[in-house]
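# Show me how the following folds:
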Amino acid sequence: MLHLADAADEHGRLRAIDLVAALRRANQPARLRLVGPVPPAQRGRLLAHAVAGGVAAVLDLAGERAQHEVARLLVASALLVVPPPAAASGQDGAAADGRALLPVVLAGCCAGTPVLAADLPAIRAAAAELTGVTLLPPDAPADAWRRAATHLLPIPPT
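Purely as a prediction, here's the structure:
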């Protein structure tokens, strides 16, 4: 799985780590790559969260990447995860309605990568016109995100 974000979206990164932990507990061989700038203090918190969730070994803190590398990572990923930012609760208008996340969702759609995203107004409007976007309520529990991701991830070979 892939998560694209800027340094301000620590909340979304933590939610993505929770998702990969839930998938691993359900015996899904999921891995997570976090792409975007990661300040040193945030890196420590993300790693501590991954260790606590038992998924440090399947977490890749890739950091910032050039646009062509991001495009390659999108194409190579089985799923793009776009959880709601902390500001979706109402402070920042662009975050609350999903406008800040819309370029990420569109990038996933352009790459042909399935997108699992928070159901925010701007993302919902795009999802109505595009295929490959699955929406969940921003406050959906981790288990609902896990179930949705399980249906979108390819079935591993036996």
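# Just name the shakiest helix or strand of this protein by mean pLDDT.
helix 93-96 (a mean of 62; mean pLDDT, DSSP states H and E).
# burial measure for residue 75, as a count.
11 (other CB atoms under 10 Å). No exception for glycine: its C-beta is placed from N, CA and C like everyone else's.
# How far off centre is the longest helix seen in the chain?
Scanning the chain for the helix with the most residues, using DSSP state H, yields helix 10-25. Centre-to-centre, helix 10-25 and its host chain are 8 Å apart (CA atoms, centre = their mean, to the nearest Å).
# Could you shift the numbering so residue one becomes 18, and keep it that way?
All set: I'll call the first residue 18, so the last point we hit is now helix 27-42.
# just the CA coordinates of whichever helix or strand comes after that helix, formatted as PDB?
Once the chain leaves helix 27-42, the next helix or strand it forms, by DSSP states H and E, is strand 49-52. Taking Å, rounded to 0.1, in the frame of the first residue of the first chain, the C-alpha atoms of strand 49-52 are listed here in PDB:
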ATOM      1  CA  LEU A  49       3.100   0.200   3.600                       C
ATOM      2  CA  ARG A  50       5.200   2.900   2.000                       C
ATOM      3  CA  LEU A  51       4.900   6.400   3.300                       C
ATOM      4  CA  VAL A  52       6.000   9.000   0.700                       C
END
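# what comes up buried for strand 49-52?
Residues of strand 49-52 classed as buried by neighbour count (16 or more other CB atoms under 10 Å): 49, 50, 51, 52.
# Let's check: the centremost residue of the protein is which one?
When CA atoms, centre = their mean is applied to the chain, the residue found nearest the centroid is residue 98 (2.5 Å).
# How about the secondary structure of that residue?
Following DSSP: H, G, I helix; E, B strand; the rest coil, we place residue 98 in the strand state.
# okay but it is in contact with residue 131, surely?
No: assessed by CB atoms under 8 Å, residue 98 is found out of contact with residue 131, at 9.9 Å.
# Residue 79 - that's part of a strand, no?
Yes: according to three-state DSSP, residue 79 belongs to a strand.
# Report pLDDT for the spatially closest residue to it that is not a sequence neighbour.
Distances taken as CB to CB, 6 or more residues apart in numbering place residue 52 nearest to residue 79, at 4.8 Å, with adjacent residues excluded. pLDDT, residue 52: 97.
# Show the contacting residues for residue 52.
19, 20, 21, 22, 79, 80, 81, 82, 87, 90 (CB atoms under 8 Å, 6 or more residues apart in numbering).
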